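[1] what would the 3D arrangement of this be:
(one chain, ligands or ions: 1)
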Amino acid sequence: LGFYTKELKALEKKNILRERKCFSDNSIDCASNDYMGISSNKDILKLAYEKILHSKDHSPKASMLINGYSKIHKEFEENLSLAHKFERCLSLGSGFLANIALIEALVRKGDRLFIDADFHASGIVASKLVRGIVSKFRHNDYLHLEEMLKKDTSHRKIIAIEGIYSMSGDLCKKEFFDIAIKYNCILIIDEAHSSGVVGKNCLGVMDLYDICPHKNYIKMGTLGKAYGSYGAYILANSEIISFLENRAKSVIYSTAISLFDIAFGHEAFLYIQQNSANIQKKIKSIQDMINQNLNIQKPALIFPIEIGDNKKTIDIQKALQKKSILVGAIRTPTVNKAIIRFTMNINNEKQTNNICLSIKEAINA
Ligand SMILES: Cc1ncc(COP(=O)(O)O)c(C=O)c1O
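    Okay, here's the model as predicted:
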């Protein structure tokens, strides 16, 4: 028996054993977070490649705090700050690292973190590293959060929410932004699934709700989803960014994000900005079709269907795979009840009705 055989067998028995697989290029992708189909956009690839080809170095070589910070990073950060109207931006290796950076560095001894119960695993892992107190509030329940805040006496109060929740596809409530100001809290908004997707200018939930940047707000976004690249960024005021440069271990002690990923993410960002009106039209049309066919109303491009049984969820996923449709089979403990999580890529707009029909058939089989 190997060191971990027993644990692996237990996972298998519960139908929650994970495996990596390579899927056929011909499948319809309703599983990834490539909402704009940018991961296969060769025009954007060429633009990014040209930029890197003309740069002296094509890799960062060191941490940003040594000499790994290049003009390619700086230009991206300046453009992003300008578009989002935040004072400064900091690019990082991934969204996972960004949440570790934010939560581990900002929640200090005597402080308290208030985190949504459904926050992404990266935030939950980060919350185990902090020296302050950690409290979870019920998912998207700002009244529960306010109840906690009223009784709280800690030094700094930091709230962590997502713009669009990765599994449920729920949109964060607008009231969180008001509460953060009312109780003078720092509000971290993880826009991994909302940046590039929601809002008139596809800039995320602050754009959607028409909320201006404020010293209490910190926006985190990723490049690995709508922007079809890899990496992440944090937008905040100068003081917060400076504090992260000095205290965030995943910034200081990690090689700067790859120049190619930043260059590609930057080109993808510009592409989405230039096409935002058309993108919003397509998203609305997809949402309407999904609502008509499956009676699911969601504000972005994540659509969960509760199945409640791990084994059945995998069976549905496999049945759809046979029809060349890839969906996510998200099981416990990632979610409380197993779901089929399907996502839409705007380039598959015309296939929406057929995708819905296949999903319906597979669920009812
Ligand atoms: C809400 C949320 N935050 C953070 C992350 C981590 O981002 P990355 O994949 O860039 O590490 C993810 C990715 O799954 C996510 O869904």
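[2] make it CA atoms for all contacts and neighbour counts henceforth
    OK.
[3] return the set of buried residues in the helix or strand where Ala10 lies.
    Using DSSP states H and E, Ala10 sits within helix 5-13. Buried residues in helix 5-13, defined by neighbour count with 16 or more other CA atoms under 10 Å: none.
[4] next one: stretch 10-29
    15-16, 28-29.
[5] neighbours around Asp57, how many?
    Asp57 has 11 neighbours, counted by other CA atoms under 10 Å.
[6] would you check how far apart the closest residue to Ala101 other than its chain neighbours and the ligand are?
    By the measure of CA to CA, 6 or more residues apart in numbering, the closest residue to Ala101 outside its immediate chain neighbours is Ala248, 4.8 Å from it. Taking CA to the nearest ligand atom, to the nearest Å as the measure, Ala248 and the ligand are separated by 16 Å.
[7] just to check, Ala248 is in contact with Ala98?
    No. The pair Ala248 and Ala98 fails to qualify as a contact (CA atoms under 8 Å) at a distance of 9.0 Å.
[8] using PDB, write down the CA coordinates of the longest helix along the chain.
    The helix that spans the most residues within the chain, counting by DSSP state H, is helix 276-294. The C-alpha trace of helix 276-294 is given here as PDB (Å, rounded to 0.1, in the frame of the first residue of the first chain):
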ATOM      1  CA  SER A 276     -17.700  45.900 -25.400                       C
ATOM      2  CA  ALA A 277     -21.100  47.000 -27.000                       C
ATOM      3  CA  ASN A 278     -21.200  43.900 -29.300                       C
ATOM      4  CA  ILE A 279     -20.100  41.600 -26.500                       C
ATOM      5  CA  GLN A 280     -22.800  42.900 -24.200                       C
ATOM      6  CA  LYS A 281     -25.400  42.300 -27.000                       C
ATOM      7  CA  LYS A 282     -24.200  38.700 -27.400                       C
ATOM      8  CA  ILE A 283     -24.200  38.000 -23.700                       C
ATOM      9  CA  LYS A 284     -27.800  39.300 -23.400                       C
ATOM     10  CA  SER A 285     -28.900  37.100 -26.300                       C
ATOM     11  CA  ILE A 286     -27.300  34.000 -24.700                       C
ATOM     12  CA  GLN A 287     -28.800  34.700 -21.300                       C
ATOM     13  CA  ASP A 288     -32.300  35.100 -22.800                       C
ATOM     14  CA  MET A 289     -32.000  31.800 -24.700                       C
ATOM     15  CA  ILE A 290     -30.800  30.000 -21.600                       C
ATOM     16  CA  ASN A 291     -33.700  31.500 -19.600                       C
ATOM     17  CA  GLN A 292     -36.200  30.400 -22.200                       C
ATOM     18  CA  ASN A 293     -34.900  26.900 -22.500                       C
ATOM     19  CA  LEU A 294     -33.700  26.000 -19.000                       C
END
